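Asker: quick one, what's the 3D model for this:
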Amino acid sequence: MQALRAAQHLIDLAPAHPAGYFYRAATYWQWRLITYDPHQRAMLLTQFQESTQRARDMAEHLPDAQAAEAAFYLGAVYGMQARMHFVEQQYIRALLAARQGSTYLQQCVARAPDWYDAYAGLGTYQYVLSRVPGVWRSIVQQLIGIAGDRDKGLQALEQARTTGRLSVPEAGSLLAKIYVLPGEEQYDKAYVLLENLVQRYPHNSDYRYRLALVCAQLGLWERARHVSQHLIADIAQGKPYAPPEWLPLLHYRLAETYVFQRQPQAAAVLLRTLQMQELSPALRAWVELRLGNVHDLQGNVRPRRRGTRGAGG
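Answerer: I've put the predicted structure just below:
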């Protein structure tokens, strides 16, 4: 709610500027990403779309003297919409929005090369396009108007993170997500980025959850447990942006740390409690697997599987 109040404050200060509406849209989008309730997700999507429309309208009416700024906000808005369409599996719409977003961001840096916030979006396009399967890569690159290049994408994101003003947390979050992808697996870099984000935004449950996952990958079991336990406590206290739907997954992740540290008794308590709850099929399968690991450990056999990605990671 604090983020929404801050966005409204910007709107009150400059009602004809796109910034406040853009940040309001970004808040609704981030909120929707961590919410499972279908009714709330639908409401947040509507609020997101209304805010992006207002941001776009305001940006299109900025004076010519602010052309670079207008291009930045239009590029950022279309980029958010592209991500929304992709999550909703509306892939053609996602590509079209991404094309508009990349065009505006390129216009922004052509007019103002030192507009470093634009490099967060451009770097994302560079990196994502570098991972498109070969048979589709040239087609998608031509449509978006950017040639995919992994190294240039990472450099642009790092530039936005270190020298940008508005996009610093977003660029850091995107880099952290990239560093845990298959083929990257640079968990030490993701850990540093997420620790910084959590220190700066201690109530952001997404940053904290991803930090717990990275700590588990690095074998930092106590830190992983600490983060998960605090998230669980926040949910129990009904704090905002700590969705209660996350509880089973968080308890599962907590149990995993005990399995990998070869503490079967502590893991068994959590896993057997989960076993009696209503779970998604995917999470239930992982709970059963870890219970098998617990039985193996109690029989002095090593766990059968070491990975930690399967259950919603």
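Asker: immediately after the host helix or strand of Leu129, which helix or strand?
Answerer: Following DSSP states H and E, one finds Leu129 within helix 118-130. Counting by DSSP H and E, the next helix or strand C-terminal to helix 118-130 is helix 134-144.
Asker: quote the end-to-end distance of stretch 60-74.
Answerer: 8 Å (CA to CA, to the nearest Å).
Asker: which outside residues touch it?
Answerer: Residues from elsewhere that reach stretch 60-74 (CB atoms under 8 Å, 6 or more residues apart in numbering): 16-19, 22, 55-56, 58-59, 100-101, 104-105, 107-108, 111-112, 115, 117-118. Bear in mind the C-beta positions are built from the backbone N, C-alpha and C, glycine included.
Asker: what do you get if the cut-off is 10 Å, keeping everything else the same?
Answerer: The set of residues external to stretch 60-74 that reach it, using CB atoms under 10 Å, 6 or more residues apart in numbering, is 16-19, 21-22, 55-56, 58-59, 100-101, 103-115, 117-118, 121, 166-167.
Asker: show me which residues of it are buried.
Answerer: Leu62, Ala68, Glu69, Ala70, Ala71, Phe72, Tyr73, Leu74 (16 or more other CB atoms under 10 Å).
Asker: for the third one, helix, strand, or coil?
Answerer: In three-state terms, and counting by DSSP: H, G, I helix; E, B strand; the rest coil, Glu69 is helix.
Asker: tell me the pLDDT at it?
Answerer: Among the per-residue scores, Glu69 holds a pLDDT of 96.
Asker: mind checking how far it is from Ala118?
Answerer: Between Glu69 and Ala118 the computed distance is 10 Å (CB to CB, to the nearest Å).
Asker: need the strands for the stretch 101-250 of the chain, in chain order.
Answerer: For the stretch 101-250 of the chain, applying DSSP state E, counting those that start in this stretch gives no strands.
Asker: where does Ala285 sit, in terms of helix or strand?
Answerer: Using DSSP H and E, Ala285 falls in helix 281-298.
Asker: contacts only, for the closest residue to Leu33 other than its chain neighbours.
Answerer: Spatial nearest neighbour of Leu33, chain neighbours left out: Asp206 (6.7 Å); criterion: CB to CB, 6 or more residues apart in numbering. Residues in contact with Asp206, defined by CB under 10 Å, 6+ apart, are Gln30, Trp31, Leu33, Ile34, Ser173, Leu194, Leu197, Tyr241.
Asker: tell me which two of those sit farthest apart.
Answerer: Greatest spatial distance in the contacts of Asp206: Trp31 and Leu194, 19.3 Å, computed using CB to CB.
Asker: for the two, indicate the residue with more neighbours.
Answerer: The residue with more neighbours, out of Trp31 and Leu194, is Leu194; 29 against 21, by other CB atoms under 10 Å.
Asker: what's the spacing between the more buried one and Lys177?
Answerer: Following CB to CB, the distance that separates Leu194 from Lys177 is 10 Å.
Asker: output the contacting helices and strands for the helix holding Ala285.
Answerer: Applying 3 or more CB pairs under 10 Å, 6 or more residues apart in numbering; DSSP states H and E, we find helix 281-298 packed against helix 247-260, helix 264-275.
Asker: which one of those helices lies closest to Leu10?
Answerer: Of the helices and strands packed on helix 281-298, nearest to Leu10 by CB to CB is helix 247-260, at 33.3 Å.
Asker: and the closest one, what's its mean pLDDT?
Answerer: Average pLDDT, helix 247-260: 95.
Asker: starting at the chain centroid, how far to the longest helix that the chain contains?
Answerer: In the chain, with assignment by DSSP state H, the single longest helix is helix 38-60. Distance of helix 38-60 from the chain centroid (CA atoms, centre = their mean, to the nearest Å) equals 18 Å.
Asker: and Glu185, what does it touch?
Answerer: Under the criterion of CB under 10 Å, 6+ apart, the contact list for Glu185 reads Tyr179, Gln217.
Asker: can you check the pLDDT for it?
Answerer: At Glu185, pLDDT is 96.
Asker: swap in the one 3 residues further on?
Answerer: Taken from the predicted model, the pLDDT recorded for Asp188 is 97.
Asker: list the buried residues in the lowest-mean-pLDDT helix or strand in the chain.
Answerer: Ranked by mean pLDDT, DSSP states H and E, the helix or strand of the chain with the weakest confidence is helix 134-144, at a mean of 82. For helix 134-144, burial by neighbour count (16+ other CB under 10 Å) applies to Val140, Gln141, Ile144.
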